[in-house]
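1. Quick check, what structure comes out for this input:
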Amino acid sequence: MPENKPDQGLRIGVYTCYCGGNISGVVNCDKVAAAMGKQPGVVCSRTDISMCSSVGQALIEKDIKELGVNRVVVGACAPALHEQTFRGAVTRAGLNPFLYNHVGLREQDSWAHPHDKEGATDKAMHLMAAGIAKARLLDPLEPIRLEAKKHALVIGGGVAGLRAAQDLARQGLAVTLLEREPFLGGHVAQWEKTFPNQDSAVGIVKGLIEQVVSNPNITVLTQTEITGVSGYVGNYSVQVRQHSRGSDDRSEQLMAACTQRVPDPFNYGLTDRKVVYRQYEGCYPHTPAVDWEHYDGAPIQVDGYSVQLKDELQNFDLTVGAIVVATGFDPYTPRSGEYGFGELTEVVTLPQLIRKLALQRDGDALEWNGKSVHSLALIHCVGSRELEGIDQPHEDGRINNYCSRVCCSASLQTTHELHERFPKLTIYDLHQDIRTYGRGHEKLYYNALEDGVRFLRYSGEERPQVSAAETNDRYPITVRVKDLLTYREEIELGVDLVVLAVGMAPRVGDELINMLKISRGSDRFLLEVHPKLRPVETSVNGVVLAGTAQGPMNIQESLSAASAAAAKVSSLLGKGRVELPPFVAYVSPEKCKGGEPACVAACEYEGAIEQKAFIENGIEIKRAVVTAANCIGCGACVAACPNGAIDIQGWTLAQYNAMVDAIALDLPEFQEAA
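-> Below you'll find the model as predicted:
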């Protein structure tokens, strides 16, 4: 390409990527490159099959070193994919990384106009011209550098939180693990075995707990809740409230003497327990705790003394550099009447059945509510894969249209256990699809087939109907289903028990979400920035996600996600400082007139911009001041300022205006360069 002599010291290098054919299959990239080579200030304009490859990056580096290129414009795929790649190439060549501008030619052009090659090529020229116009006005910027506290907070004491805490501590970071319940372990502690290898679930939990509590870098706080969060990545201030365990060195005597009993949520209400209790055998902490929510306040008589239990709350602050949200999930609770749940005592959930089997001794007959169970129907996708117009919306007006992923495998493992323990039991499996997606999980399906489980497939638009059987019927429950495996034949099943394979529901509440300023996705689980490029990060720097707080996962996936979250936090805090992109608001002191701070009112991010008083020449004046660590560069303050005193670094109004002017021009040289 021709090398032009630029004006005003600008030497712009322009690079149009074929993107392996994703762009060049629609856009005439050579024509675009030829046209861009004629733009003022452009010293080279090149194409490559894959600019993000090592060869493509080397091409950019060579031009910077040999041609003195001091502005770089790349037209390629979305900036989210390779913006950091090209910044790295520019930096290695000795140029400020923010003197580079990325133009999205794939998503904005070739993929948008696959049937109009001429129009797509013309659009690419205008997009690239706009990118060059912005590049002319780029200034060298420096990342925002902040001191970082080498201390991480992990919220949640289930397997994901435990693994994240362990991995963080192994990297030399101090860790505080908060759990709102009195005992660690989460839902996995409620299960006996994991699929597909039948490993001990409690064994997994105890192994993680032993590693965590034996690590001197980890502080574990149970019965603890967060009441406030402020600050920014590297320096978060977290306000915490901790409930007391309510028992002293006589905790064993208090638990033994306690007479008040309540339904045990650990066993899903199948049994009851004392309000002074341990959750399960071998739980941590070992000291019994008081269930303050249900304690009636009555004194407990111990050794002739009357002991009045009191919840002595403690409030304190933590200063941490990053926060891992591992708050887990809740099993979906069916609405009253959904498949007869809550109305028919013979309709239960799969978690209830799993706990029932865990509590029942081998050799005992299967019973429910004192009645023998000879026939059982298991219904999949309860609270998952719901359909608009078919399923009733939940309290927030939404439906659970996602797949909970683990239900099929958990259901099939349970049917296999039922067959092994009660070989004469008749089992019906009613499903939309069998989704045993994990490695080795398909074996569970084949085991069920060999065990004689009878599979029936229903349509999501026509769910099974569960009702009480007629008087004197052999079975108390009737299930009617249109079976797609027998060409929609309507089949009526008589059963003693209906088991609902409930899905996963989001647990974390709006109060914590609002304090952390993170977001939910459309499924109401916590939302990551990008599922592939930034899979555990939230939109808030320094707040990351681990495990099922982010979405349905099995145990192995939760542990892997927790390790990924720990790796991200370790990379953030390991050096004791944090670098953030410089694309934040900047206030021009000369233009800021003080007065009513419209910019402060427009900002939705606490501490990002505020009005401060200054003394100049003996006179007090007020100006807006930006705290870069709290600013996300949204631009709301830019639009609100009546004096035009605020801009976003790297995305100034002047740069926008130049881009608009360039993209709107009908540039005749585009055609001449064909």
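
2. Might you list the low-confidence residue ranges for the stretch 1-150 of the chain?
-> 1-8 (pLDDT under 70).

3. in it, which spans are helices?
-> If DSSP state H, counting those that start in this stretch is used as the criterion, the helices of the stretch 1-150 of the chain fall at 29-36, 54-67, 79-92, 117-136.

4. Determine the number of other residues adjacent to the residue nearest to Arg385 when sequence neighbours are not counted.
-> In space, and not counting its chain neighbours, Arg385 is closest to Cys403: 5.6 Å by CB to CB, 6 or more residues apart in numbering. (C-beta placed from N, C-alpha, C; glycine too.) By other CB atoms under 10 Å, 19 other residues sit near Cys403.

5. dump the residue contacts of Cys403.
-> Cys381, Ser384, Arg385, Arg435, Gly503, Pro552 (CB atoms under 8 Å, 6 or more residues apart in numbering).

6. And the pLDDT at the third one?
-> According to the per-residue confidence, Arg385 scores 96 in pLDDT.

7. Contact partners for Ala93?
-> Each residue near Ala93 by CB under 8 Å, 6+ apart is listed here: Ile60, Glu61, Ile64, Lys65.

8. could you dump the residues you listed to JSON lines with distance to Gln392 and neighbour count?
-> Below are the contacts of Ala93 laid out as JSON lines (distance: CB to CB, whole Å; neighbours: other CB atoms under 10 Å):
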{"residue": "Ile60", "distance to Gln392": "56", "neighbour count": "25"}
{"residue": "Glu61", "distance to Gln392": "59", "neighbour count": "19"}
{"residue": "Ile64", "distance to Gln392": "61", "neighbour count": "22"}
{"residue": "Lys65", "distance to Gln392": "65", "neighbour count": "13"}
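
9. Going by distance to Ile390, which of those residues wins?
-> Using CB to CB, Ile60 comes nearest to Ile390 of those, at 53.5 Å.

10. That closest one reaches Tyr15, doesn't it?
-> Yes. Ile60 is within contact range of Tyr15, at 6.3 Å (criterion: CB atoms under 8 Å).

11. anything in contact with each of these two?
-> Here Ile60 and Tyr15 have Met51, Val72, Val74 as joint contacts, going by CB under 8 Å, 6+ apart.

12. Roughly how far does the second one sit from Cys17?
-> Think Val72. 13 Å (CB to CB, to the nearest Å).

13. Endpoints of stretch 482-490, how far apart?
-> Criterion CA to CA, to the nearest Å; first-to-last residue distance in stretch 482-490 is 4 Å.

14. chain center to that stretch, what's the gap?
-> Counting by CA atoms, centre = their mean, to the nearest Å, stretch 482-490 is centred 39 Å from the centre of its parent chain.

15. Excluding chain neighbours, what is closest to the most centrally placed residue in the chain?
-> Nearest to the mean C-alpha position of the chain, by CA atoms, centre = their mean, lies Gln550 at 3.3 Å. Nearest non-adjacent residue to Gln550, counting by CB to CB, 6+ apart: Leu526, 5.3 Å away.

16. pretty sure that neighbour is touching Ser519, no?
-> Yes. The criterion here is CB under 8 Å, and Leu526 meets it with Ser519 at 7.4 Å.

17. any common contacting residues for these two?
-> In contact with both Leu526 and Ser519: Ile513, Thr538, using CB under 8 Å, 6+ apart.

18. more neighbours, those two?
-> Counted by other CB under 10 Å, Leu526 and Ser519 do not tie: Leu526 has more neighbours, with 25 against 13.

19. contacting residues for the more buried one?
-> Leu526 sits next to Val325, Pro506, Val508, Ile513, Ile518, Ser519, Arg520, Thr538, Leu545, Ala549, Gln550 when contact means CB under 8 Å, 6+ apart.

20. Take these and write them to JSON lines, including pLDDT, secondary structure and distance to Glu450.
-> Shown next, in JSON lines, are the contacts of Leu526 (pLDDT from 0 to 100; DSSP: H, G, I helix; E, B strand; the rest coil; distance: CB to CB, whole Å):
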{"residue": "Val325", "pLDDT": "98", "secondary structure": "strand", "distance to Glu450": "42"}
{"residue": "Pro506", "pLDDT": "93", "secondary structure": "strand", "distance to Glu450": "36"}
{"residue": "Val508", "pLDDT": "80", "secondary structure": "coil", "distance to Glu450": "41"}
{"residue": "Ile513", "pLDDT": "95", "secondary structure": "helix", "distance to Glu450": "46"}
{"residue": "Ile518", "pLDDT": "94", "secondary structure": "coil", "distance to Glu450": "46"}
{"residue": "Ser519", "pLDDT": "93", "secondary structure": "coil", "distance to Glu450": "46"}
{"residue": "Arg520", "pLDDT": "94", "secondary structure": "strand", "distance to Glu450": "42"}
{"residue": "Thr538", "pLDDT": "95", "secondary structure": "coil", "distance to Glu450": "45"}
{"residue": "Leu545", "pLDDT": "98", "secondary structure": "strand", "distance to Glu450": "39"}
{"residue": "Ala549", "pLDDT": "97", "secondary structure": "helix", "distance to Glu450": "37"}
{"residue": "Gln550", "pLDDT": "97", "secondary structure": "coil", "distance to Glu450": "36"}
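
21. Could you tell me which of the residues you listed count as buried?
-> Val325, Pro506, Val508, Ile513, Ile518, Thr538, Leu545, Ala549, Gln550 (16 or more other CB atoms under 10 Å).

22. The third one - nearest residue in space that isn't next to it in sequence?
-> Taking CB to CB, 6+ apart, and ignoring the residues beside it in sequence, Val508 has Thr327 as its nearest neighbour in space, at 4.3 Å.

23. What about the shared contacts of Ile60 and Tyr15, which are in strands?
-> Using DSSP state E, the members of these that fall within strands are Val72, Val74.

24. Throw the shared contacts of Ile60 and Tyr15 into CSV and include neighbour count, thanks.
-> CSV is the format used below for those (neighbours: other CB atoms under 10 Å):
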residue, neighbour count
Met51, 25
Val72, 25
Val74, 30
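
25. ok, the shared contacts of Ile60 and Tyr15 vs Val481, which is closest?
-> Val481 lies nearest to Met51 out of those, by CB to CB, at 55.7 Å.

26. My read is that that closest one contacts Cys17, right?
-> Yes. Between Met51 and Cys17 there is a contact at 3.9 Å, judged by CB under 8 Å.

27. which residues do these two both contact?
-> With CB under 8 Å, 6+ apart as the test, Met51 and Cys17 both reach Val74, Ala76.

28. Please enumerate the helices of the stretch 151-300 of the chain.
-> Going by DSSP H, counting those that start in this stretch, the stretch 151-300 of the chain shows helices at 159-170, 201-213, 251-257.

29. Export only the CA atoms of stretch 266-275, formatted as PDB.
-> What follows is stretch 266-275 as a C-alpha-only set of coordinates in PDB (Å, rounded to 0.1, in the frame of the first residue of the first chain):
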ATOM      1  CA  PHE A 266     -32.100 -29.700  56.600                       C
ATOM      2  CA  ASN A 267     -34.400 -32.700  56.100                       C
ATOM      3  CA  TYR A 268     -37.000 -30.600  54.300                       C
ATOM      4  CA  GLY A 269     -39.500 -30.800  57.200                       C
ATOM      5  CA  LEU A 270     -39.600 -34.700  57.200                       C
ATOM      6  CA  THR A 271     -38.300 -34.700  60.800                       C
ATOM      7  CA  ASP A 272     -38.100 -32.100  63.500                       C
ATOM      8  CA  ARG A 273     -35.200 -31.000  65.700                       C
ATOM      9  CA  LYS A 274     -34.400 -28.900  68.700                       C
ATOM     10  CA  VAL A 275     -33.900 -25.100  68.500                       C
END
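
30. Name the residues that touch that stretch?
-> Taking CB under 8 Å, 6+ apart as the rule, stretch 266-275 contacts 190, 255, 258-264, 279-280, 290-291, 294-296, 349, 351-352, 355-356, 359.

31. Restrict those to the buried ones and give me that as a ChimeraX selection.
-> Selection of buried members from the contacts of stretch 266-275 for ChimeraX, criterion 16+ other CB under 10 Å:
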select :190,255,258,262,264,279,290,291,295,349,351,352,355,356
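
32. That concludes my questions; thank you for your assistance.
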